[in-house]
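Trainee: Need a 3D model of the following:
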Amino acid sequence: MAAVLLLAACEKQRPPLEGGPAKPPETVLVAPHEARALIDHHNGRVAALHRFYADGVVTLRWRDDKGRHEEQADFELWIDAPHRAALRIHKLGEEFLFAGSSERGSWLLDLRRDDETAAYLARPGESLTVDASSPINLDPSALSDLLGLTPLPTDVRVARVSESQTTQSLEAALARGDRLVVVRFNPKAMVPTSVELLVSTREVTFRSEPELESYQSVELDGVAPGAYPKLPRRVRVHDARRRDDEVSLTIGFASGRAADQNDRAFDIDLLLRRFEPKRVTGAMLPPPPFSGPTAPKSPAPKSPASN
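Mentor: You can find the predicted model right below:
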């Protein structure tokens, strides 16, 4: 991942999430050894969580032309860094929303109404554009960022930010394409407490807030319990462009064990065949050429198709 490193606090003041003027926080670069300790601690946790599964409860809040809405449902989350992520939201046994990303791009399947199911697709680097009625206007490729799982280059600059007379944070900023990822850390626990995604115009698009007190251990194969990496149990994601929109995740179970993985969650072709959306907007890259073993000369017996 090619990266240009920026310190957002030293640049033009970021606009506040809500309207109105905001005084920029005071910042100062930390000593190299303190920055390296934070980077090493964070990157070790991120590397351990490069592939995991989680489930729990999600609360969606959004506004459309019919007013404000709030829905609570169950979710499943799969992360397979650096390119694959999937979020399945279901309610009372019925599919609600399915968002994901892979090397081919990103997608959102809106399955709330049987007669109006829709699929929104985008190639890598393109914005995923959804209807205003959708409760999520979230780029699925940003899921890892919003969970505080962005790896930091070893030479990224780290600043100490005085947010108030009693509150200080450590801040690192990473430019990736036209997106700036700004992560703030608790200086003692050295885990993220907020993540902001900004576009090139310095406009905040999304802000997530992992709750510091809620970090939980994630079980991994072959790792002693004392070395399990930490993942936030509760995360709130705000959509700054649609100010009434918020996604709150409460993770009940999280596992990095191989038995809990499911690669089918990242297979957009399988999902499109399964859900057969009535409307498809956008496009993704085609699948790569098949590179498996050569097919036998005589046809093999067919097995029953399954989803």
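Trainee: Contacts for the helix or strand encompassing A54 next, please.
Mentor: Assessed by DSSP states H and E, A54 sits inside strand 51-64. Strand 51-64 has contacts (Cβ atoms under 8 Å, 6 or more residues apart in numbering) with 68-81, 89, 132-136, 218, 231, 242, 244-256, 260-262. Placement of C-beta: from N, CA and C, glycine included.
Trainee: buried subset of the residues you listed?
Mentor: Among the contacts of strand 51-64, those classed as buried by 16 or more other Cβ atoms under 10 Å are 73-81, 89, 133-136, 218, 231, 242, 245-251, 254-256, 260-261.
Trainee: quick revisit: with just CA atoms, put the strand holding A54 into CSV.
Mentor: Below are the C-alpha coordinates for strand 51-64, written out as CSV (Å, rounded to 0.1, in the frame of the first residue of the first chain):
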residue,chain,number,x,y,z
ARG,A,51,-8.5,-12.2,9.6
PHE,A,52,-11.4,-12.6,12.0
TYR,A,53,-15.2,-13.1,12.4
ALA,A,54,-17.6,-11.2,14.7
ASP,A,55,-21.3,-11.1,15.4
GLY,A,56,-23.6,-9.0,17.6
VAL,A,57,-26.3,-6.3,17.4
VAL,A,58,-26.4,-3.3,15.2
THR,A,59,-28.5,-0.1,15.5
LEU,A,60,-29.2,1.9,12.4
ARG,A,61,-30.4,5.5,12.4
TRP,A,62,-31.1,7.4,9.2
ARG,A,63,-33.3,10.0,7.6
ASP,A,64,-35.0,9.9,4.2
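Trainee: partners of it in the sheet?
Mentor: strand 67-80 (antiparallel), strand 246-255 (antiparallel) (DSSP bridges).
Trainee: Following the chain onward from the first one, which element is next?
Mentor: In other words, strand 67-80. Immediately after strand 67-80, counting by DSSP H and E, sits strand 84-91.
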